[in-house]
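Trainee: sequence unknown, structure follows:
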């Protein structure tokens, strides 16, 4: 009986604390700023220098009558097909067992999303991710299941391991030293966000970390980590060492901070400060990069990173410019 009374007492205390917390929360000022959508603005933003050709294709897609979702898909396909790019699609660096495994996701203004991860043998995972979004009741397909679906949809199979990437992998195997340091000299992923006719969309595609463990999946195909879109607010995409983006749901956080009234730059900075506080401060010698691009429905945009070296490309008006992003740490 005494145990029962103690239990009920605890429940009572918990309930009262919830009531107090909810009451206190309801009294917090609402700092949200309702965006005023701009029907005339057309902006495409991509991570890293390979965002320049990706942006060109995205804008061309819009000029030819495509919508913003078409644009962010077609834009990153250019990089997926670039055999000289060792971090995305064809020619991507393999895992430690020699398999090129791809991750990608895409999301539109209406909250629809599709993703594939741990996919082998297909050049354009971003288009397969879109097919998952539009032709299945699911969000994510993985591995053999994603490959089966891609075959059923008529996507062509291809050997993604180019002679150049294979040679680099064989050289790496001599020491098999795993160093997941990501920055301008060893970057991964292309993330793209775009705005057109008051609609936002985002895409993200990668072959992941070079020489990762077989089966590793990073942040790129995960909604809320690699990217996030809210049609009333804006969009964000991430690049860098995905484990830290996953553990903080960085892209979702950026969009939510923009919902609360922060500018894209302030939201990106705040989200990266959270990663820094949780992880970097524990080890002053730890070095890894996370970079972001974000845009709101008013056409305000930003790029930001933890370390120097991160660049992002912006196509606005008739200008396609590569920008050195501001950063948190020297």
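Mentor: On my side now, so go ahead. Computed from a prediction, not measured in an experiment: that's the story for all the values here.

Trainee: what about the strands in the chain?
Mentor: 42-47, 102-107, 113-119, 140-142, 190-196, 199-206, 227-230, 234-240, 290-296, 301-305, 311-316, 319-324 (DSSP state E).

Trainee: So what touches the first one?
Mentor: Contacts made with strand 42-47 from outside it, assessed by Cβ atoms under 8 Å, 6 or more residues apart in numbering, are listed as 51-52, 54-55, 58-59, 62, 71-72, 75-76, 187, 189-196, 237, 239, 291, 293, 295, 299, 301, 303, 310, 312-316. (Glycine included, C-beta is placed from N, CA and C.)

Trainee: Can you list the strands that that strand pairs with?
Mentor: Strand pairing for strand 42-47, determined by DSSP bridges: strand 190-196 (antiparallel), strand 311-316 (antiparallel).

Trainee: With the longest one instead?
Mentor: For strand 199-206, the paired strands and their directions (DSSP bridges) are strand 102-107 (antiparallel), strand 190-196 (antiparallel).

Trainee: What of the shortest one?
Mentor: Strand 140-142 has these partner strands in its sheet, going by DSSP bridges: strand 113-119 (parallel).

Trainee: can you list the residues that contact the partner strand?
Mentor: Contacts with strand 113-119, where a contact means Cβ under 8 Å, 6+ apart, come from 101-107, 125, 128-134, 136, 139-143, 146-147, 150, 215, 217, 221-223, 229.

Trainee: at 6 Å what do you get?
Mentor: Strand 113-119 is contacted by residues 101-107, 125, 128-130, 132-133, 139-143, 146, 217, 221, 223 when judged by Cβ atoms under 6 Å, 6 or more residues apart in numbering.

Trainee: Throw together a PyMOL command that grabs the buried residues out of those residues.
Mentor: Only the buried entries of those go into this PyMOL selection, using 16 or more other Cβ atoms under 10 Å:
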select buried, resi 101+102+103+104+105+106+107+125+128+129+130+132+133+139+140+141+142+146+217+221+223
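
Trainee: nearest to residue 37, of the strands paired with strand 199-206?
Mentor: With Cβ to Cβ as the criterion, residue 37 lies closest to strand 190-196 of those, at 9.2 Å.

Trainee: what's the distance between residue 329 and residue 294?
Mentor: For residue 329, the distance to residue 294 equals 19 Å [Cβ to Cβ, to the nearest Å].

Trainee: just residue 166 next, same as before
Mentor: The value you get for residue 166 to residue 294, if Cβ to Cβ is used, is 36 Å.

Trainee: Please say which of the two ends up with more neighbours.
Mentor: Between residue 166 and residue 294, counted using other Cβ atoms under 10 Å, the more crowded position is residue 294 (32 against 16).
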